[in-house]
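S.K.: build me a structure from this.
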Amino acid sequence: MANVCLLGDSIFDNAAYVGSEPAVIEHLRGALPAGSTATLLAVDGASANDVREQLGRLDGSETHLFVSAGGNDAYNAGGIFTERVVTVAQALRLLAGAQARFRTDYEALLRAIMGLDKPVAVCTVYDAIPGLGEGERAGLALFNDVIIRSAAEALIPVIDLRVVCDQPGDYSAISPIEPSGLGGAKIAQVIADLIGQHNFSVRRAGTSVFTGSARSSKR
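M.R.: Residues are numbered from 1 along each chain as shown. So this is what the prediction gives:
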């Protein structure tokens, strides 16, 4: 039996965007083995720094922690796309600065979580959002690079939501940056699959990457 806690942002806290359909937490409760529980501490709009504050609400009984953070950090940094630059090099320096700020916040979050000594997995930020521009998608890759590299250094698994939520129907009709009921079901299932398939007690070099097909690969 598992006592799973979801930490992070509206990728998990998506009830306001699915209408009458189940939210991620409801899908997860249905996907876990009988007797298991799932708690939602994630909050719509949370940044990586906000997720650190959510850790104070843990009661210590959790068996697995899942973290979705970075989407709002990227969104909040979106103003750099309106900055005037003369060269591509100047544009890249602006992006590198945003990435560096996120790296500082995200690594601090992971240090705080790893200090709890509990099984943990993190999620990338999906990028198949309807209407997302090519420039924004390229910028988002810099934030995902931080997430994947930080997870590799911490020897913890990653759920790659770029692969999990890869269809237009995975996104909410109310707000396209949020997961729909269908997308939420896919996210919940891969969380349940990871709990059932991954040996959290063994931490090895490399990153275990999990996708919606419930397959993992070492990179």
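S.K.: lowest-confidence helix or strand of this protein?
M.R.: Each helix and strand of the chain was given a mean pLDDT (mean pLDDT, DSSP states H and E); the minimum falls on strand 216-218 at a mean of 38.
S.K.: so where's this protein uncertain?
M.R.: Low-confidence segments of the chain, defined by pLDDT under 70: 80-82, 205-207, 212-219.
S.K.: so what's the closest residue to A185 other than its chain neighbours up against?
M.R.: Spatial nearest neighbour of A185, excluding adjacent residues (CB to CB, 6 or more residues apart in numbering): H27 at 4.7 Å. In this view, the C-beta of every residue, glycine as well, is placed from N, C-alpha and C. Contact analysis of H27 by CB atoms under 8 Å, 6 or more residues apart in numbering lists G181, G184, A185, I187, A188, Q189.
S.K.: and the fifth one, how close does it get to E136?
M.R.: When CB to CB, to the nearest Å is applied, the distance between A188 and E136 equals 26 Å.
S.K.: helix or strand right after the lengthiest helix in the chain?
M.R.: Criterion DSSP state H: the longest helix present in the chain is helix 88-114. Next along the chain after helix 88-114, taking DSSP states H and E as the criterion, comes strand 120-123.
S.K.: so L58 is in contact with D117, correct?
M.R.: No - judged on CB atoms under 8 Å, L58 makes no contact with D117 at a distance of 12.0 Å.
S.K.: run the chain-centre distance for stretch 171-180.
M.R.: 15 Å (CA atoms, centre = their mean, to the nearest Å).
S.K.: please read the previous query as pertaining to stretch 43-55.
M.R.: Distance of stretch 43-55 from its chain centroid, counting by CA atoms, centre = their mean, is 12 Å.
S.K.: again with stretch 72-90
M.R.: Counting by CA atoms, centre = their mean, stretch 72-90 is centred 22 Å from the centre of its parent chain.
S.K.: buried residues in it?
M.R.: N72, D73, A74, Y75, A77 (16 or more other CB atoms under 10 Å).
S.K.: helix/strand/coil for the second one?
M.R.: Looking back up the chat, that one is D73. helix (DSSP: H, G, I helix; E, B strand; the rest coil).
S.K.: contacting residues for it?
M.R.: D73 is in contact with S47, A48, F102, D105, Y106, F143, counting by CB under 8 Å, 6+ apart.
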